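> Okay, predicted coordinates and the sequence, questions at the end:
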Amino acid sequence: MTDTDTAVSSMITYYDLTERLPTFAKLETDDELSRYAAQRWRLFSELLGVSPHVFKGADVIEFGPDSGENALVFAQWGARLTLVEPNLKAHEFINAYLRRFGLTDRLAELSSLPIERYVPTRTFDAVVAEGFIFSVRPEALWMDLFARLLRPGGYAVISYYDRTSFGLEALWKLLFAALASMTGGRRSVELAWRLYATKWNSIRHTRAFESWVMDVLENPFIRLKYSLDAAEVVRQMAARGLSLSGSWPSYRDSLAVYWYKNETPPEARLARTRRFIDRNCLGHLFGTTMFLCGDEDEVAAVVRATREFVESIDAGYETPDVAGITRCARAIERLRLLVSRAHIYAEDPVARPGAAAMLDGVEQALRLILAGDTQGLVDLCNSDEALISHWGNPNHFAVFHKD
């Protein structure tokens, strides 16, 4: 762990200590905003199943908008905005965006209160909290707040780190921390670039590499202990009258076939949702369709192995020593064996061998760390196709509807 890890008490404090804003996309032209808005439109309409038209004329409160790109899109869709952003550096960017694109009239309020101290004085049609809400504990604090803030028929939109899906994000942190330790240097953007330049350049991005380093690799809250269990989130929100409307990846059992007038008890719906999430655990981890089709015992074994892998990688970030690496290697071997034998539906024929190759790459990287082979680790991360192409699916989106 770094000094930053131990000194930071909240995500707000962490960003106050840095110069950069984590998601700043530097939108300057109408075309750039249109492309960004189109991406958000696809997220809501195609993946989350919520028409962006519901934001037209809606009162929307967004917690943690950062530099305000998403809020800008909501405003363009016709929403009236209440923005709650405790990082005062972000306020300048938010106001500049609204001025640049002629949307200042859509801002009703810009508050600097942290979510823990926000006291609602009215209700809203939509509550949005993306990218930080998982770090606010206990979860009951924000879940209860959202239930109070929402009007009947309103939507709550969140994004968060899922526990089972967290493995590869934990891996990038582990390799980065290990390289810093091996070279005797500090964790820096330059060091991260040595390790991940090829990986970063392999896909399109709307933000700078430096922001990713700050937001993921160096962020002390991107850890397993702050991630959330998807099925448990759905259960706890349902207990507050907020039913699952949509998610990405999908939590609802879209394979179920029954007469549309059938009424399924809430408990049965929640149980079906958990089973569907469990059967997608490999897909969530590796970021591709790998649906488990075997019996319940097989699914349970794969879920356990997946979680052991994630836990061992996250623990390795703390102690990348012989004992820690050995635990990782054992978890990798168990997971690799189950991936090779399990009954899996994979849309892509290379998904299963790709997952195996990814685990091979992880194992090789860990061996290089134990050997103290700095250049070997750098070369591997910039040449191994599986390590380069796999990003996993750690960040989940979920939309809840107030009954």
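Arrived safely.

> Extract the residue ranges of the chain that are flagged as low pLDDT.
Along the chain, the parts satisfying pLDDT under 70 run over 1-9, 12-13, 15-23, 206, 320.

> Longest strand in it, please.
Assignment by DSSP state E gives strand 150-161 as the longest strand of the chain.

> May I see the buried residues of it?
150, 154, 155, 156, 157, 158, 159, 160, 161 (16 or more other CB atoms under 10 Å). Bear in mind the C-beta positions are built from the backbone N, C-alpha and C, glycine included.

> which one of those is nearest residue 187?
residue 161 (19.8 Å; CB to CB).

> OK, contacts around that closest one?
Residues in contact with residue 161 (CB atoms under 8 Å, 6 or more residues apart in numbering) are 134, 169, 222, 226, 227, 228, 394, 395, 396.

> swap the cut-off to 7 Å and go again
Neighbouring residues of residue 161 by CB atoms under 7 Å, 6 or more residues apart in numbering: 134, 222, 226, 227, 228, 394, 395.

> repeat for residue 372
Residue 372 neighbours (CB under 7 Å, 6+ apart): residue 182.

> ok, back up a step: the buried residues of strand 150-161 into a markdown table, with extra columns for distance to residue 193?
As requested, the buried residues of strand 150-161 are exported to a markdown table (distance: CB to CB, whole Å):
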| residue | distance to residue 193 |
| --- | --- |
| 150 | 43 |
| 154 | 43 |
| 155 | 39 |
| 156 | 37 |
| 157 | 33 |
| 158 | 31 |
| 159 | 26 |
| 160 | 28 |
| 161 | 24 |
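
> now, the most widely separated pair of these?
Pairwise distances across these peak at 24.7 Å for 154 and 161 (criterion: CB to CB).

> now, among the contacts of residue 161, which is nearest to residue 364?
Closest to residue 364, out of all of the contacts of residue 161 and judged by CB to CB, is residue 394, at 22.0 Å.

> quick one, phi/psi of that closest one?
The phi and psi values for residue 394, taken as degrees, to the nearest 10, are phi -70, psi -30.

> and if you look at the one 4 residues further on?
Summarising the backbone geometry of residue 398 under the convention degrees, to the nearest 10, its torsions are phi -140, psi 140.

> what do you get for residue 60?
According to degrees, to the nearest 10, residue 60 has phi -120, psi 130.

> Show me what it bridges to in the sheet.
Bridge pairing for residue 60 (DSSP bridges) gives the partners residue 81, residue 126.
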